[in-house]
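In: I would like the atomic coordinates for the input below:
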Amino acid sequence: MAADSADLTVQVDHLGPHPVVRLSGDVDLEAAPALTETLRAVLDTIGTKPLVLDLSEVEFMDSSGLGVLVGAHQQAAVQGGALILAGLHPRVAKILRITKLHKVFTVVDSVDEAMAPEV
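Out: So this is what the prediction gives:
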């Protein structure tokens, strides 16, 4: 499954132990609706499995993007699953620290780390 917005590409991969949603581009007001829809659809199909968001190709995220992540985190938690953020660009990591959301999300350095059994 893939979805595209003007400045965001979304690729969904179900090949590993956890589904991975790979984002490339800006996660902003324009991209938020399509990304929300994609994440809801993936979360609806995976049940209690963790969902990994590969953000290594995301250099910009605004408050709309943060809202999408918080909504996906809440949906995953209600289902008994988890949302794991992987490969944060330094700018995105800084936004999460400033907003204290780094304390809410599970954040790992890479998709490989997210796939490890202990995460």
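In: residue boundaries of the helices in this structure?
Out: 32-46, 63-78, 90-98, 111-115 (DSSP state H).
In: the first one packs against which elements?
Out: Translated: helix 32-46. Taking 3 or more C-beta pairs under 8 Å, 6 or more residues apart in numbering; DSSP states H and E as contact, the helices and strands that helix 32-46 lies on are strand 2-5, strand 8-13, strand 20-27, strand 50-61, helix 63-78. (C-beta placed from N, C-alpha, C; glycine too.)
In: list the neighbouring strands of the third one plus their orientation.
Out: So the one you mean is strand 20-27. strand 8-13 (antiparallel), strand 50-61 (parallel) (DSSP bridges).
In: if we can go back for a sec, could you redo the helices and strands packed on helix 32-46 as JSON lines and give each row mean pLDDT and mean neighbour count?
Out: JSON lines is the format used below for the helices and strands packed on helix 32-46 (pLDDT from 0 to 100; neighbours: other C-beta atoms under 10 Å):
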{"stretch": "strand 2-5", "mean pLDDT": "51", "mean neighbour count": "14"}
{"stretch": "strand 8-13", "mean pLDDT": "95", "mean neighbour count": "18"}
{"stretch": "strand 20-27", "mean pLDDT": "97", "mean neighbour count": "20"}
{"stretch": "strand 50-61", "mean pLDDT": "97", "mean neighbour count": "21"}
{"stretch": "helix 63-78", "mean pLDDT": "97", "mean neighbour count": "17"}
